[in-house]
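Enquirer: Mind folding the following:
(one chain, ligands or ions: 1)
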Amino acid sequence: MIIDGKGLSNQLDSGMKAEVKALRAAGIEPKLVVIIVGHDPASQIYVRNKHRKAIKLGITSIIERRPEDFSQADLLALIEQYNQDESVHGILVQLPLPKQIDESAVIRAIDLKKDVDGFSPENVGKLFSNSDEHYSVSCTPKGIMTMLTHYDIDPADKHAVIVGDSNIVGRPMGALLLNAGATVTYTHILTQDLSSYTRTADILIVATGVAHLIKATDIKPGATVIDVGMNRDENGKLVGDVDYDHAKTVAGAITPVPGGVGPMTITSLMQQTLELTKLANR
Ligand code: GUN
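Expert: Presented below is the predicted three-dimensional model:
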């Protein structure tokens with residue numbers, strides 16, 4: 001089975017469009033600000049796609065572009081301007097940031113009520129303690145959970161193996177799966193004999209940025225394989241972290257690249273923008 005993230009993302013648009021329409025009818029304009037510093041090529045594409053989806057749904061989207069040499073002080077001032085702006089419901093600072101800027105200082109500067117990415121220590125703490133209170137969560141793992149639910153893949157009592165320990169994907173992904181009842185194994189760049197772990201996964205999540213790291217022989221027959229990778233191969237073709245053509249003959253369900261996880265990341269961002277908009281207007 002191919003997990004069609006793009007199709008699901010488009011399917012979820014109509015519900016969100018209706019929600020935006022209802023908010024606007026009540027005089028509320030959902031508004032997202034995306035700040036991008038520098039010219040990381042992948043970030044340019046992500047930001048463009050986020051903007052397109054927001055427009056499609058009727059969410060107001062502001063993109064603030066700043067040059068590669070933009071200072072941390074100026075970035076913090078820009079964030080503070082939007083923290084104070086009551087018409088703005090979500091603030092997203094696209095990562096990675098240029099080296100002169102301390103990412104964690106930037107994340108902490110975003111008003112908690114506008115942390116649409118779920119990167120703040122408070123939101124991360126709520127995720128890892130499985131809080132009952134509302135919290136935002138990193139958009140890619142959230143989108144993956146939405147896909148699993150839609151395809152009736154219940155993580156409860158399954159073995160989930162995460163490959164890659166990033167703050168944006170691997171770590172929050174493991175926490176969400178743990179909260180959903182999975183037994184979770186984290187693997188990362190220092191893990192020895194990676195295959196001995198991946199071959200025991202019922203749900204395998206790969207987010208490393210290494211093209212075709214995971215081969216068909218690394219996958220348990222029938223497993224669900226979620227590929228978060230976005231790499232260019234030697235011919236410039238977009239490929240994932242999983243050798244898709246061979247892996248799909250072994251996996252029970254698998255996401256393609258492109259058209260799998262990527263669109264669902266953006267859907268999550270839109271969903272959380274609407275949640276924060278509603279919370280601000282309760
Ligand atoms: N860079 C890659 N993924 C993300 C994301 O989900 N949010 C932000 N802000 N930056 C990213």
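Enquirer: Regarding whichever residue of the stretch 1-150 of the chain sits closest to the ligand, what is its secondary structure?
Expert: When scored by CB to the nearest ligand atom, the stretch 1-150 of the chain has Leu95 as its residue closest to the ligand, at 3.7 Å. Just so you know, the C-beta spots here come from the backbone N, C-alpha and C atoms, and that holds for glycine as well. Here Leu95 is recorded as coil under DSSP: H, G, I helix; E, B strand; the rest coil.
Enquirer: Kindly tell me how buried it is, as a neighbour count.
Expert: For Leu95, the count of nearby residues is 18 (other CB atoms under 10 Å).
Enquirer: Tell me how far the closest residue to it other than its chain neighbours lies from Ile168.
Expert: Leaving aside its chain neighbours, Leu95 sits nearest to Glu103 (6.3 Å; criterion: CB to CB, 6 or more residues apart in numbering). Glu103 sits 11 Å away from Ile168, going by CB to CB, to the nearest Å.
Enquirer: hmm, back to that, my guess is the residue of the stretch 1-150 of the chain closest to the ligand contacts Ile168, does it?
Expert: Yes - if you go by CB atoms under 8 Å, Leu95 and Ile168 touch, sitting 6.8 Å apart.
Enquirer: Does the ligand have contacts with the helix or strand of the chain at the bottom of the mean pLDDT ranking?
Expert: One helix or strand of the chain scores below all others by mean pLDDT, DSSP states H and E: strand 231-232, with a mean of 92. No - shown here: strand 231-232 not in contact with the ligand (CB under 6 Å from any ligand atom), separated by at least 13.8 Å.
Enquirer: In this structure Gln271 contacts Glu19, no?
Expert: No - contact criterion CB under 8 Å: Gln271 and Glu19 do not qualify, at 9.2 Å.
Enquirer: Double-check that Gly143 belongs to a helix.
Expert: Yes - assessed with three-state DSSP, Gly143 lies in a helix.
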